[in-house]
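[1] let's see this in three dimensions:
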Amino acid sequence: MGRVYRRYKQWWIDYYDATGLRHRESAGATKTVAQDALVKRLDEIIRGKFSLPKMSKAITVEEMIRRYWEKHMKDKRGNGAPVVLRRIKRDFGHLPLTQLTVEEIHGFIKTVEASSSTSNANRYHDVFRALLYKAIDWGYHPGPNPLKKVPRGKPKKHRLRFLSPEEMRRLIPACSPRILPIVTCALFTGMRRGELLILDWANVRLDRGIIYILESKSDEARELPIPMTLRKLFLSLGPKESGNVFNLPPITLRRHFLRAMKKADIQGFRFHDLRHTYASYHVMKNHDLPTLQKLLGHKSPMMTQRYAHLADAHLRESVDRLDDSLGHSLRAVDPGTPLLPADNPGT
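    A predicted model of the protein is given here:
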């Protein structure tokens, strides 16, 4: 079986050979031509005369990375992909794309995991996989994607980390002027690091009190309200019609943030935990997970559910306070006065 589909103004065919391997090919500018090409491939498979189509654009991994960066990644700052792509280029750059093997890639991912963490290895897995899917889409690789057979690791579960009020009081004065604006914005909006690093003045509408997030991890746009403290911060930065708001390279942010953590004597805290801090205090104050899901840009409610226990804890505290208050009032009542009306079978 197979199918035809359109992508980037070009028609493609998608089918499986006799061994169960999946293949995708660029097949022409019209649906009719693509359907004819699919029928031809399926007929070849049935008659046992199928062979892999020759790639007219055999390129190396290094060349693919260059084209991928120019066409797809150049304007996406702050997502960590450049570091990953440089490592892939170093280890595989000399190889033709078609010579990449599942075993070599699996070994590469395991090496990254051994030297850093499972989460970091999964980041390499995701970037490598996306790179090869683009190579298939652009006709540089016949498919299937080798990363489909390389499993992602299962990161260890960690305690949700957010700043206590005391830690926040220590953090703010410990931040250098270079990072104080972006740290403040993270605390007041819960924006991801990548979203903050590419935030453009054109998407900060002080007249409407809204920040527009147009590029995000979930590929979904969202709007964030600007509280008064953050509005004052933006005004102090000198708003412009366009241009990067914070103008801060990722490595500079990392170095200054680590210094601030050390100066404030805050342990086991990452920049991403500022997002957890925003979310945690939002839930503890408002007990509203659906709204938090929209503010954080989570596709699934399950992502937001990790904060539910905070809402439950504060609801219990509210009930306990009510219980104390009612208990005090009831203790003030004359012991001889019934708390509930006596049963009266006649009524």
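
[2] what's the domain layout of this structure?
    Per automatic domain parsing, the structural domains of the chain span 2-46, 61-149, 165-307.

[3] so can I have JSON lines of these showing mean neighbour count, mean pLDDT and distance to Pro155?
    From N, CA and C alone the C-beta is placed, and that goes for glycine too. Output for these, formatted as JSON lines (neighbours: other CB atoms under 10 Å; pLDDT from 0 to 100; distance: least, CB to CB, whole Å):
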{"stretch": "domain 2-46", "mean neighbour count": "15", "mean pLDDT": "81", "distance to Pro155": "28"}
{"stretch": "domain 61-149", "mean neighbour count": "17", "mean pLDDT": "87", "distance to Pro155": "5"}
{"stretch": "domain 165-307", "mean neighbour count": "16", "mean pLDDT": "88", "distance to Pro155": "13"}
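
[4] how about the strands in the chain?
    Assigned by DSSP state E, the chain shows strands spanning 2-7, 10-16, 22-28, 204-205, 210-213, 222-225.

[5] need those in TSV (columns: distance to Asp273).
    Shown next, in TSV, are the strands of the chain (distance: least, CB to CB, whole Å):
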stretch	distance to Asp273
strand 2-7	38
strand 10-16	42
strand 22-28	40
strand 204-205	24
strand 210-213	19
strand 222-225	19
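
[6] tell me the spacing between Ser242 and Lys232.
    Relative to Lys232, Ser242 is positioned 21 Å away (CB to CB, to the nearest Å).

[7] Met191 now?
    18 Å.

[8] then Arg306?
    Separation of Arg306 from Lys232 (CB to CB): 31 Å.

[9] again, but for Leu248
    For Leu248, the distance to Lys232 - CB to CB - is 20 Å.

[10] and Ile59, by the same measure?
    52 Å.

[11] how about Ile46?
    Separation of Ile46 from Lys232 (CB to CB): 71 Å.

[12] and the helices in the chain?
    In the chain, the segments counted as helices under DSSP state H are 31-46, 61-68, 81-92, 102-115, 118-137, 165-174, 180-189, 193-197, 228-237, 250-264, 273-286, 289-296, 301-304, 308-331.

[13] contacting residues around Leu248?
    Contacts for Leu248 (CB atoms under 8 Å, 6 or more residues apart in numbering) come out as Arg178, Ile179, Ile182, Leu197.

[14] please redo it, this time with the cut-off set to 10 Å
    Neighbouring residues of Leu248 by CB atoms under 10 Å, 6 or more residues apart in numbering: Gly78, Arg178, Ile179, Pro181, Ile182, Leu196, Leu197, His256.

[15] now, which of the residues you listed sits nearest Tyr140?
    Gly78 (27.0 Å; CB to CB).

[16] quick check, Ala260 in contact with Ile172.
    Yes - at 9.2 Å, Ala260 and Ile172 qualify as touching, with contact defined as CB atoms under 10 Å.

[17] who touches both of those two?
    When contacts are counted by CB under 10 Å, 6+ apart, Ala260 and Ile172 have Leu180, Val183 as shared neighbours.

[18] just to revisit the earlier point, select, out of the helices of the chain, the one closest to Gly209.
    helix 228-237 (7.0 Å).

[19] which strands or helices does the closest one pack on?
    Counting contacts by 3 or more CB pairs under 10 Å, 6 or more residues apart in numbering; DSSP states H and E, helix 228-237 is packed against helix 180-189, strand 204-205.

[20] with respect to Arg270, which of those lies nearest?
    Nearest to Arg270, of all the helices and strands packed on helix 228-237, is helix 180-189, at 11.3 Å by CB to CB.

[21] tell me the angle that closest one makes with helix 250-264.
    80 degrees (axes from the mean of the first three to the mean of the last three CA atoms, to 10 degrees).

[22] heads up, I number from 5, so please use that
    Fine by me, first position is 5 from now on; the one you just mentioned is helix 184-193.

[23] for helix 184-193, packing partners?
    Here helix 184-193 touches helix 169-178, helix 197-201, strand 214-217, strand 226-229, helix 232-241, helix 254-268, helix 277-290, going by 3+ CB pairs under 10 Å, 6+ apart.

[24] okay, stretch 171-178 in PDB with CA atoms only?
    This file holds the C-alpha atoms of stretch 171-178, laid out as PDB (Å, rounded to 0.1, in the frame of the first residue of the first chain):
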ATOM      1  CA  GLU A 171      15.600  32.600  47.300                       C
ATOM      2  CA  MET A 172      13.800  35.200  45.100                       C
ATOM      3  CA  ARG A 173      14.800  38.000  47.500                       C
ATOM      4  CA  ARG A 174      18.400  36.800  47.200                       C
ATOM      5  CA  LEU A 175      18.400  36.200  43.400                       C
ATOM      6  CA  ILE A 176      17.300  39.600  42.100                       C
ATOM      7  CA  PRO A 177      20.200  41.600  43.700                       C
ATOM      8  CA  ALA A 178      22.600  38.900  42.700                       C
END
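
[25] report the contact partners of Val106.
    Asn149, Pro150, Leu151, Lys152, Lys153, Val154.

[26] and which of those is nearest Tyr9?
    Among the contacts of Val106, Asn149 lies closest to Tyr9 (CB to CB), at 16.5 Å.
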